[in-house]
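**Student:** need a structure here:
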Amino acid sequence: MALQKLRNRINVKGGGLLQLRQLKPTPSDTFLDVGFLQSTGIEDTHDMILSKDERGFLVDYVSGGEEPVLKCVLKQSGIDEINLIKNAEGIYYEAYYKVKLASGSFQEVDIPLCKIKTGPTLNFAAATERTIDLEIHMLTVVATTSITRNPTGYNMDPNVNPFYVLVENANALGPPADTASAVATLVY
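**Tutor:** Residues are numbered from 1 along each chain as shown. Down below sits the predicted model:
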């Protein structure tokens, strides 16, 4: 770990690209751009368990479960975006998010298995810009051994993090190139 004071590690995030492709019920190899984003964030929350000895002293603090969610606010609120959320029940996706940092490097997140929270919230108000909240819940992959991807920067060890892969490079890797059916077989 190389934690230190460096001005080039102060990053303006945002302006990213979010793409989805369907894995199940019908695999699609094409990643589709969800449109302009107002904001994007990952909430990787853990249910923490306090482990105390018989005297009541804290002896450990461990994760009892993890529930990562990618939350986006879509600036586009047309029928296609509404239908994406409205008709998401029973559909499994792979998600890819890329953002360029102020340093010129790229951070990319690949979520090999996820579902969209169904049910859009639509607001209609005068003189406002309507946005739509999009919640993508990351699902654990079923593989018990390392998963080899294309490009290899998205290789995954499900014993370390079974939900997503985050990489940072000078050049963007781009969305995964494996076929959707191959990914579905590995992670579903």
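**Student:** only C-alpha atoms from now on, for both contacts and neighbour counts.
**Tutor:** Noted.
**Student:** for the chain, what spans make up the strands?
**Tutor:** Ranges of strands in the chain, per DSSP state E, are 17-24, 32-33, 37-52, 58-74, 92-100, 106-116, 132-138, 165-169.
**Student:** give me the sheet partners of the longest one and which way each runs.
**Tutor:** When pairing is defined by DSSP bridges, strand 58-74 lines up against strand 37-52 (antiparallel), strand 132-138 (antiparallel).
**Student:** what's the distance between that strand and the middle of its chain?
**Tutor:** Between the mean C-alpha location of strand 58-74 and the chain-wide mean there is a distance of 13 Å, by C-alpha atoms, centre = their mean, to the nearest Å.
**Student:** could you export it as PDB, CA atoms only?
**Tutor:** Coordinates of each C-alpha in strand 58-74 appear next as PDB, following Å, rounded to 0.1, in the frame of the first residue of the first chain:
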ATOM      1  CA  LEU A  58     -14.100  -6.200  21.700                       C
ATOM      2  CA  VAL A  59     -11.700  -8.800  20.300                       C
ATOM      3  CA  ASP A  60     -12.700  -8.600  16.600                       C
ATOM      4  CA  TYR A  61     -14.800  -6.700  14.100                       C
ATOM      5  CA  VAL A  62     -15.700  -8.800  11.100                       C
ATOM      6  CA  SER A  63     -17.900  -8.600   8.000                       C
ATOM      7  CA  GLY A  64     -21.000 -10.700   8.300                       C
ATOM      8  CA  GLY A  65     -22.200  -9.900   4.800                       C
ATOM      9  CA  GLU A  66     -21.700  -7.600   1.900                       C
ATOM     10  CA  GLU A  67     -24.300  -5.800  -0.300                       C
ATOM     11  CA  PRO A  68     -22.600  -3.600  -2.900                       C
ATOM     12  CA  VAL A  69     -24.900  -1.400  -5.000                       C
ATOM     13  CA  LEU A  70     -24.100   0.900  -8.000                       C
ATOM     14  CA  LYS A  71     -26.400   3.900  -7.800                       C
ATOM     15  CA  CYS A  72     -26.800   6.300 -10.700                       C
ATOM     16  CA  VAL A  73     -28.900   9.300 -11.500                       C
ATOM     17  CA  LEU A  74     -29.800   9.300 -15.200                       C
END
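**Student:** need the residues that contact it.
**Tutor:** Strand 58-74 is touched from outside by 34-53, 131-138, 163, with contacts defined as C-alpha atoms under 8 Å, 6 or more residues apart in numbering.
**Student:** in PyMOL, how would I select the buried members of the residues you listed?
**Tutor:** Selecting only the buried entries of the contacts of strand 58-74 in PyMOL, with 16 or more other C-alpha atoms under 10 Å as the criterion:
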select buried, resi 34+37+38+40+131+132+133+134+135+136+137+138+163
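**Student:** hang on, the earlier thing: need the strands paired with strand 58-74 in a markdown table with mean pLDDT and distance to Val109, can you?
**Tutor:** Listed next are these as a markdown table, based on pLDDT from 0 to 100; distance: least, C-alpha to C-alpha, whole Å:
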| stretch | mean pLDDT | distance to Val109 |
| --- | --- | --- |
| strand 37-52 | 86 | 10 |
| strand 132-138 | 95 | 12 |
